[in-house]
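In: Here is a sequence with its predicted model. Questions after.
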Amino acid sequence: MKNEDWKSKLSPEQYYVLREKGTERAFTGALLMNKEKGVYKCAGCGNELFTDEMKFDSHCGWPSFDREIAGGKIKKTIDKSHGMIRTEITCANCDGHLGHIFDDGPTQTGERYCVNSLSLLFQPAETQLNIEEITIGGGCFWCVEAVYLNLKGVIKVESGYSGGFVKNPAYREVCNGTTGHAEVVKITYNANEISLHKILEVFFTVHDPTTLNRQGNDIGTQYRSVIYFQHPEQEQLALSIIKKLEEEKVFSSSIVTEVKAFDVFYKAEDYHQNYYNLNKSQPYCQLVIVPKLEKFKKVFQA
Ligand SMILES: [Zn+2]
């Protein structure tokens with residue numbers, strides 16, 4: 001990129017440090033005391049250079065790191081300016097000046113990457129996507145879906161059918177209980193923003209996991225309580241939450257929720273998607289979902 005282009009892309013202060021090898025005044029940088037989880041990128045080009053785990057408090061006045069993200073993202077050059085012999089560090093992608101590296105670091109690596117705040121852009125962890133999915137059933141999917149659409153960090157909720165033996169089942173068949181499927185919702189979420197623990201906490205709050213093949217007036221195997229996990233960590237977490245709820249006797253009867261490996265999900269017909277929000281006048285929704293949403297609100301205000 002030409003100097004003129006850098007000038008329009010960067011602030012004058014960033015330009016001075018990144019392109020003219022300047023140094024910000026000690027103890028003035030915006031990221032000096034930052035202790036949040038996330039990634040430090042080159043302010044010039046977005047190249048990912050360091051993570052929060054590599055940062056330490058060096059008391060030298062500039063953000064300090066004891067190692068870099070692997071992959072040759074940082075270039076090291078001998079710098080003999082100002083009557084000293086130092087090793088300059090620059091972004092290997094855009095040549096932007098970052099700072100210097102010293103071998104007096106206090107951690108195991110022995111290194112101290114001394115970096116200008118102005119050379120860095122910090123991206124907090126919760127804004128990075130870490131997409132996960134979990135499929136759960138807790139009675140009528142209209143109700144479960146409505147609850148999860150309210151949660152921050154949930155990206156998508158789809159109503160559908162899982163756990164049966166008939167391919168591409170229709171709603172009417174599932175309702176007759178002849179397909180073996182449960183009414184489920186497939187939740188896509190950003191695990192950096194919402195934990196599976198929270199998702200399952202909500203699950204056990206808004207339905208009754210102790211009634212076999214039944215939620216209130218909805219009776220049949222399609223209304224069974226299920227968690228279809230996608231990997232062993234999800235399974236472990238689900239089982240440990242159930243164990244804890246049992247030990248603490250949160251429910252008066254024992255939990256009958258099935259915890260099984262996810263197999264296949266059939267998305268329900270379009271008119272079932274976002275049903276609650278699109279059909280608020282329906283008496284069913286008012287009777288069943290509103291108390292669930294109220295219960296859920298109470299849990300999260302507490
Ligand atoms: Zn760069």
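Out: Noted; the coordinates are in hand.
In: Quick check: residue 106 vs residue 32, distance?
Out: 17 Å (CB to CB, to the nearest Å). Quick note: C-beta positions are derived from backbone N, CA and C, even for glycine.
In: neighbour-wise, which of the two wins?
Out: Just comparing residue 106 and residue 32: by other CB atoms under 10 Å the higher neighbour count belongs to residue 32, 18 against 12.
In: Now do the contacts for the more buried one.
Out: Residue 32 sits next to 61, 62, 63, 117 when contact means CB atoms under 8 Å, 6 or more residues apart in numbering.
In: ranking those by neighbours, who comes first?
Out: Taking other CB under 10 Å to define a neighbour, the member of the contacts of residue 32 with the most is residue 63, carrying 26 neighbours.
In: Could you find the closest non-adjacent residue to residue 52?
Out: Spatial nearest neighbour of residue 52, excluding adjacent residues (CB to CB, 6 or more residues apart in numbering): residue 37 at 4.9 Å.
In: who touches that neighbour in this structure?
Out: Contact partners of residue 37, counting by CB under 8 Å, 6+ apart, are 52, 124, 125.
In: Of these, which is the most crowded?
Out: Top of those by neighbour count (other CB under 10 Å): residue 52, with 16 neighbours.
In: Identify the residues contacting that residue.
Out: Contact analysis of residue 52 by CB under 8 Å, 6+ apart lists 35, 36, 37, 38, 39, 40, 125.
In: number of nearby residues for the first one?
Out: If you count neighbours by other CB under 10 Å, residue 35 ends up with 7.
In: For my notes, confirm residue 246 occurs in a strand.
Out: No: counting by DSSP: H, G, I helix; E, B strand; the rest coil, residue 246 is not part of a strand but helix.
In: could you pull out the helices for the stretch 201-302 of the chain?
Out: Counting by DSSP state H, counting those that start in this stretch, the stretch 201-302 of the chain has these helices, from start to end: 232-247, 275-278, 283-301.
In: just so I know, which of the ones you listed lies nearest the ion?
Out: helix 232-247 (34.8 Å; CB to the ion).
In: Could you list the residues in contact with that closest one?
Out: Counting by CB under 8 Å, 6+ apart, residues outside helix 232-247 touching it are 132, 134, 196-197, 200-201, 204, 209, 227, 229, 251, 254-255, 257, 259, 261.
In: what residues does the chain put near the ion?
Out: Contact residues of the chain with respect to the ion, defined by CB under 5 Å from the ion, are listed as 42, 44, 45, 47, 91, 93, 94, 96.
In: go again using 8 Å as the cut-off
Out: If contact is defined as CB under 8 Å from the ion, the residues of the chain in contact with the ion are 18, 42-47, 91-96.
In: Now for the protein, the helix or strand with the poorest mean pLDDT.
Out: Of all the helices and strands that make up the chain, helix 283-301 has the lowest average by mean pLDDT, DSSP states H and E, namely a mean of 75.
In: Would you mind listing the buried residues in it?
Out: 285, 288, 289, 292, 296 (16 or more other CB atoms under 10 Å).
In: Same check on stretch 2-21?
Out: Under the neighbour-count rule (16+ other CB under 10 Å), stretch 2-21 has 6, 10, 14, 15, 16, 17, 18, 19, 21 buried.
In: what does stretch 182-193 give?
Out: The neighbour-count check on stretch 182-193 (16+ other CB under 10 Å) flags 182, 183, 184, 185, 186, 187, 189, 190, 192, 193 as buried.
In: what's the answer for stretch 73-84, then?
Out: So for stretch 73-84, counting by 16+ other CB under 10 Å, buried means 73, 74, 79.
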